[in-house]
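Student: Provided below are the primary sequence and the corresponding predicted coordinates.
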Amino acid sequence: MDTQRLILLVIFSFSLLMLWEAWEKEKRPKPVPAAPAAQQGVPTPSQSAPPAVAGTAPAPAKPAAAGVPAAAPGAKGETVRVTTDLMVAEIDTQGGTLKRLELLRHKDSADPSRNFVLFGPERRYEAQSGITGEAGPNHLSLWSASVKQAALEPGKDTVELRLTAAGRDGVSVDKVYTFKRDSYVIDVSLEVHNRGKENLTPYAYFQLTHDGRPTSNVNSVAETFGAQSFTGFAIYTAEKAFEKVHPSDLDKAKFERRADSGWLGFVQHYFVSAWIPPDKMVRDYGALKRNDGLYAGNVVLQPGTVAPGGSAQVKLSLYAGPQEQRRLQAAAPGMDLVVDYGFLAIIAWPLFWLLEKFHALSGNWGVAIILLTVLIKIVFFPLSAASYKSMAKMKLITPRLTKLREMYAHDRNKMNQAMMELYKTEKINPLGGCFPILVQIPVFIALYWVLLAAIELRHAPFILWIKDLSALDPYYVMPILMTVTMVLQTKMNPVPPDPVQAKVMQFMPYVFSIFFFFFPAGLVLYWLVNNILSIAQQWQIQRMFDRDKPAHAKR
């Protein structure tokens with residue numbers, strides 16, 4: 001009854017998973033209630049002075065004012081394009097804002113002939129920065145650019161774009177974007193120059209805006225079964241570790257957190273952007289819904305008091321790209337946590353590590369999935385063998401069980417007693433086939449999340465018609481083969497003595513296989529290979545017991 005038990009256990013496990021997801025969403029800590037958003041959506045620092053931290057300038061007793069100097073009437077910005085080996089960035093001089101970011105090595109989900117656009121007007125997804133308070137300038141001010149376009153030249157490791165804007169009272173700011181070769185990390189610095197007559201205590205902010213609509217590529221059926229497709233803000237600090245803030249949580253209250261470590265980002269399926277401040281520098285993290293309907297997550301820092309004629313600089317890194325493990329780990333501590341494997345991460349991480357090793361060996365992610373499936377089957381071989389032996393014994397005594405049911409059809413107690421005596425005589429545990437399968441369920445669910453969350457499988461080809469292991473099989477060849485293997489396994493298992501149960505189990509593989517027509521090809525490939533190996537193992541064990549059939553077929 002391997003298939004029957006597996007089907008029921010998987011359905012039960014997915015049900016528990018869905019309940020867990022619903023409970024986690026319901027119990028997620030709510031943001032701290034706070035005052036309405038500041039004018040024009042420019043973040044303001046916390047009203048209490050940040051604590052002093054070694055290696056940073058003393059914190060001011062009062063934050064900067066919340067006023068925002070407006071852009072000049074009729075002012076219109078220009079678009080400056082910066083091209084590297086990995087991206088094309090478009091920066092608007094109206095605000096000095098990174099408004100569009102095209103990733104050259106990743107294709108659009110809907111149209112593979114186009115490159116994927118991470119930042120863009122469709123979601124009003126932008127990376128903004130500036131100086132808060134009366135002095136400005138900010139993401140509403142008009143900046144002037146040093147060049148009209150820039151490109152990473154051969155033999156160079158970086159390309160720089162410098163923008164300048166004037167604030168009030170003799171304040172000017174240089175905003176410098178530094179793009180790097182083979183990197184999705186963009187360094188962004190604000191250099192504040194005080195040409196006024198009084199000390200200046202500026203606050204610099206760096207924020208990400210988004211319309212809050214989901215950007216998941218996970219199909220609806222996969223989402224129903226617990227796929228990790230979170231779209232929203234994420235904050236990581238040494239004190240609180242990894243926290244997710246869903247846009248819906250910000251409709252009534254904003255989120256605030258003060259720390260001297262970590263980063264703030266916006267997460268979507270396969271991709272992430274994050275502001276990463278220097279370590280050991282006090283910063284205020286915040287997320288809120290602005291008056292214009294957009295959601296904004298920001299980091300506010302205070303670079304120190306700037307004396308007349310002096311300057312101060314604050315520099316952050318902006319990671320904007322795919323959720324590739326090696327790049328995330330190199331960008332900042334805790335960044336790899338944006339690849340969310342749920343509560344089975346302790347199993348999922350080693351599985352992905354093995355998958356990477358097999359890919360390095362084979363050069364094909366489909367082959368890597370097959371090799372990983374074989375390895376998992378080898379590891380669980382003793383448990384599977386015990387399960388199949390139990391089922392083989394059950395199959396041999398099925399005729400005798402049927403006779404007992406007929407004999408004691410009107411006395412269930414005597415029937416159960418006779419069946420238990422038979423199990424005891426033949427040394428069969430009727431539940432012996434369940435436990436080995438139950439142990440493997442968490443591994444299957446963890447691998448399910450790995451195959452759905454790993455961007456490495458996005459648009460990764462396997463063979464012939466399988467051009468994307470993260471998408472559906474376009475011709476449903478593997479789901480059909482999967483159905484065939486499930487039916488074959490059902491026929492190899494002992495037939496339940498109860499006619500109604502036997503009928504249900506006869507049709508269950510067809511009903512259950514429908515789900516595989518909506519699962520990613522990579523996941524179907526895993527289960528198909530696993531089924532083929534299971535059939536081979538079960539067939540061999542059944543042959544061994546068939547040879548000993550007379551010893552078990554006592555009448």
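Tutor: Cool, the structure landed.
Student: point to the helix or strand of this protein where mean pLDDT is at its lowest.
Tutor: When each helix and strand of the chain is scored by mean pLDDT, DSSP states H and E, helix 220-224 comes last, with a mean of 43.
Student: which SSE is immediately downstream of it?
Tutor: Sequence-wise, the next helix or strand downstream of helix 220-224 (DSSP states H and E) is strand 232-237.
Student: quick one: buried residues of that following strand?
Tutor: For strand 232-237, the neighbour count (16 or more other CB atoms under 10 Å) marks 232, 233, 234, 235, 236, 237 as buried. Any C-beta I mention is one placed from the backbone N, CA and C, and that applies to glycine too.
Student: who does the last one form a beta bridge with?
Tutor: Each beta-bridge partner of residue 237 is listed here, defined by DSSP bridges: residue 241.
Student: for the stretch 301-450 of the chain, which segments count as strands?
Tutor: 311-322 (DSSP state E, counting those that start in this stretch).
Student: contacting residues around residue 158?
Tutor: Shown in contact with residue 158 (CB atoms under 8 Å, 6 or more residues apart in numbering): 152, 178, 179, 180, 181.
Student: surely residue 127 meets residue 266?
Tutor: No - look at residue 127 against residue 266 with CB atoms under 8 Å: they stay out of range, at 9.5 Å.
Student: which one of these two has more residues nearby?
Tutor: residue 266 (32 against 25; other CB atoms under 10 Å).
Student: pLDDT wise, what is that one at?
Tutor: For residue 266, the pLDDT comes out at 97.
Student: the host helix or strand of it to strand 232-237, inter-axis angle?
Tutor: Take DSSP H and E as the rule and residue 266 turns out to sit in strand 263-268. Interaxial angle of strand 263-268 relative to strand 232-237 (axes from the mean of the first three to the mean of the last three CA atoms, to 10 degrees): 150 degrees.
Student: what's strand 263-268 packed up against?
Tutor: strand 204-210, strand 232-237, strand 271-276, strand 295-301 (3 or more CB pairs under 8 Å, 6 or more residues apart in numbering; DSSP states H and E).
Student: picking up where we left off before, now for the buried residues of strand 232-237, which pair is the farthest apart?
Tutor: Greatest spacing in the buried residues of strand 232-237, by CB to CB: 232 and 237 (16.9 Å).
Student: how is the chain carved up into domains?
Tutor: Following automatic domain parsing, the chain resolves into domains at 2-18+348-552, 84-340.
Student: check which residues of the helix or strand residue 526 falls within are buried.
Tutor: For residue 526, the element it lies in under DSSP H and E is helix 521-547. The neighbour-count check on helix 521-547 (16+ other CB under 10 Å) flags 521-535, 537-538, 541-542, 545 as buried.
Student: as a whole number, average confidence for stretch 409-428?
Tutor: On average, stretch 409-428 scores 79.
Student: quick check: buried residues in it?
Tutor: So stretch 409-428, judged by 16+ other CB under 10 Å, has buried residues 415, 418, 419, 422, 423, 428.
Student: tell me how far the residue positioned nearest the centre of the chain lies from residue 127.
Tutor: Centroid-nearest residue in the chain, with CA atoms, centre = their mean: residue 339, separated by 3.7 Å. The gap separating residue 339 from residue 127 is 21 Å, by CB to CB, to the nearest Å.
Student: quick one: low-confidence residue ranges for the stretch 51-200 of the chain.
Tutor: Flagging of the stretch 51-200 of the chain using pLDDT under 70 yields the residue ranges 51-75.
Student: if we can go back for a sec, ok, the buried residues of strand 232-237 vs residue 243, which is closest?
Tutor: Relative to residue 243, and with distances defined as CB to CB, the nearest of the buried residues of strand 232-237 is residue 235, at 4.9 Å.
Student: the closest one reaches residue 286, doesn't it?
Tutor: No - the pair residue 235 and residue 286 does not pass the contact test of CB under 8 Å, sitting 9.4 Å apart.
Student: which residues do these two both contact?
Tutor: 255, 257, 297.
Student: nearest to residue 123, of those?
Tutor: Using CB to CB, residue 297 is the member of those that sits closest to residue 123, with 13.8 Å.
Student: coming back round to it: reformat the domains of the chain as CSV; add distance to residue 76.
Tutor: Converted to CSV, the domains of the chain look like this (distance: least, CB to CB, whole Å):
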stretch, distance to residue 76
domain 2-18+348-552, 37
domain 84-340, 7
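Student: quick one, which of the ones you listed gets closest to residue 77.
Tutor: domain 84-340 (2.7 Å).
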